[in-house]
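K.L.:
just a sequence and a predicted model for now, questions to come.
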Amino acid sequence: MKNVLYIGNALSNSGKTITTIETLSAHLKEVCAIKVASNKSNKVFRLFDMMKLVFSNKSKADYVLIDTYSTTNFYFALIISQLCRLFKLKYIPILHGGNLENRLKSNPKLSRVIFKNAYQLVAPSKFLATIFQSHGYKTIIHIPNSIDMYNYKFANRKIDKIKLLWVRSFSSIYNPELAIEVLKKLKDQGLKSELTMIGPEIDGSLALTKQKAQQYNLEVKFTGKLSKRQWIETAKDFNIFINTTNFDNTPVSIIEAMALGLPIVSTNAGGLPYLISDLEDGLLVPVNNASAMVDAIKLIAANETLRQKLIRNARQKAESFDWNMVKAKWISLLS
């Protein structure tokens, strides 16, 4: 069995959303011996914890997986990748974040240092795989994020009243305030509607979103962070899932909503058109366009034939993300 180190931000115990490092590492225990860093909330301590794991396992590790994002984590990936090169370890960046393309453009030299020397690049989204290939990176494979389908019971929800569900971290790149604008327009048109927003605070966006709801005198339920089991249970009471992001990749929350039978209305940002086929398994609208999102929601609510088509096709697509389908690709890479 191969020895694998997994480097990334495992911060769910610090109130953050569960990320790939926590879900994927649990699954990879089936196919390899794996050690993870780091769950330290302090960025400096987290970096040292990551470096310590690599250093202490430099003679044992067969591969080092590195979650790579466009934000501060980009520099973590830079440091860890060069440490791996120093110790002649095979490292594999896992590419996340719809804004990672901007790193390729704004930091081309640092990007080449990380990515050109990698043993392999893994892109959970076809969108990022295409982007990296267009920038000359050829050692890249697409391995999608996975879910455990047995956790997601499909339900066919009729729409008597529009009940919107939003699930994401409250960050400006995810544009949560757009959800409030959408609810306001629905109510201004006399449509019975409600909105619940699930997710933790990241950069002050939660306070701004609450302020906008108060400004419009709208009742919006904010649950804060919920466990996966809690939000899946909460989803039973809703009938449309909205995704308002300005930048995105392949959000697991959308795959989960597809599995549950919630029709999807999403912006067409980043990798979302690679995940959602418009009018086939969801509806796509332009970024930051409340009117277009409202029209899409109304179309689903009014057209039962379309709604049935969307949810059946979406469930079928979600099944392709089941861990039992994805596992073989990881076995092939790490064998």
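P.N.:
Thanks, I have it. What you see is a predicted model; the values in this text were computed from it and never measured.
K.L.:
could you pull out the strands for the stretch 201-335 of the chain?
P.N.:
Per DSSP state E, counting those that start in this stretch, the stretch 201-335 of the chain carries strands over the ranges 221-224, 240-243, 264-267, 283-285.
K.L.:
who touches the third one?
P.N.:
When you say that, I think you mean strand 264-267. With Cβ atoms under 8 Å, 6 or more residues apart in numbering as the test, strand 264-267 has contacts from 175, 240-246, 248, 254, 257-258, 272, 276, 281-289, 293, 296-297, 300, 310, 314. No exception for glycine: its C-beta is placed from N, CA and C like everyone else's.
K.L.:
got the domain boundaries for the chain?
P.N.:
3-144+323-334, 149-319 (automatic domain parsing).
K.L.:
what is the mean pLDDT for the shortest one?
P.N.:
Averaged across domain 3-144+323-334, pLDDT comes to 92.
K.L.:
just to revisit the earlier point, among the contacts of strand 264-267, name the buried ones.
P.N.:
175, 240-246, 248, 254, 257-258, 272, 276, 281-285, 287-289, 293, 296-297, 300, 310, 314 (16 or more other Cβ atoms under 10 Å).
K.L.:
and the gap between Lys327 and Leu95?
P.N.:
20 Å (Cβ to Cβ, to the nearest Å).
K.L.:
who has more neighbours out of the two?
P.N.:
In this view Lys327 and Leu95 are compared by other Cβ atoms under 10 Å, and Leu95 has more residues nearby, 27 against 16.
K.L.:
what sits opposite the more buried one in the beta ladder?
P.N.:
Beta-bridge partners of Leu95, counted by DSSP bridges, are Thr68.
K.L.:
for it, give me its contacts.
P.N.:
Thr68, Leu121, Val122, Ala123, Pro124, Ser125, Leu128, Phe132.
K.L.:
so which of these sit within helices?
P.N.:
Leu128, Phe132 (DSSP state H).
K.L.:
out of the contacts of Leu95, which is most surrounded?
P.N.:
That'd be Thr68 among the contacts of Leu95, by other Cβ under 10 Å, with 28 neighbours.
K.L.:
give me the neighbour count for Arg157.
P.N.:
The number of residues packed near Arg157 is 18, by other Cβ under 10 Å.
K.L.:
could you export the helix or strand hosting Leu47 as PDB, CA atoms only?
P.N.:
Counting by DSSP states H and E, the element that carries Leu47 is helix 43-56. C-alpha atoms of helix 43-56 as PDB (Å, rounded to 0.1, in the frame of the first residue of the first chain):
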ATOM      1  CA  LYS A  43      -1.900  30.500   9.000                       C
ATOM      2  CA  VAL A  44       1.700  30.500  10.200                       C
ATOM      3  CA  PHE A  45       1.300  27.500  12.400                       C
ATOM      4  CA  ARG A  46      -0.600  25.700   9.600                       C
ATOM      5  CA  LEU A  47       2.300  26.300   7.200                       C
ATOM      6  CA  PHE A  48       4.800  25.000   9.700                       C
ATOM      7  CA  ASP A  49       2.600  22.000  10.400                       C
ATOM      8  CA  MET A  50       2.400  21.200   6.600                       C
ATOM      9  CA  MET A  51       6.200  21.500   6.300                       C
ATOM     10  CA  LYS A  52       6.800  19.300   9.400                       C
ATOM     11  CA  LEU A  53       4.600  16.600   7.900                       C
ATOM     12  CA  VAL A  54       6.600  16.600   4.700                       C
ATOM     13  CA  PHE A  55      10.000  16.700   6.400                       C
ATOM     14  CA  SER A  56       9.200  13.900   8.900                       C
END
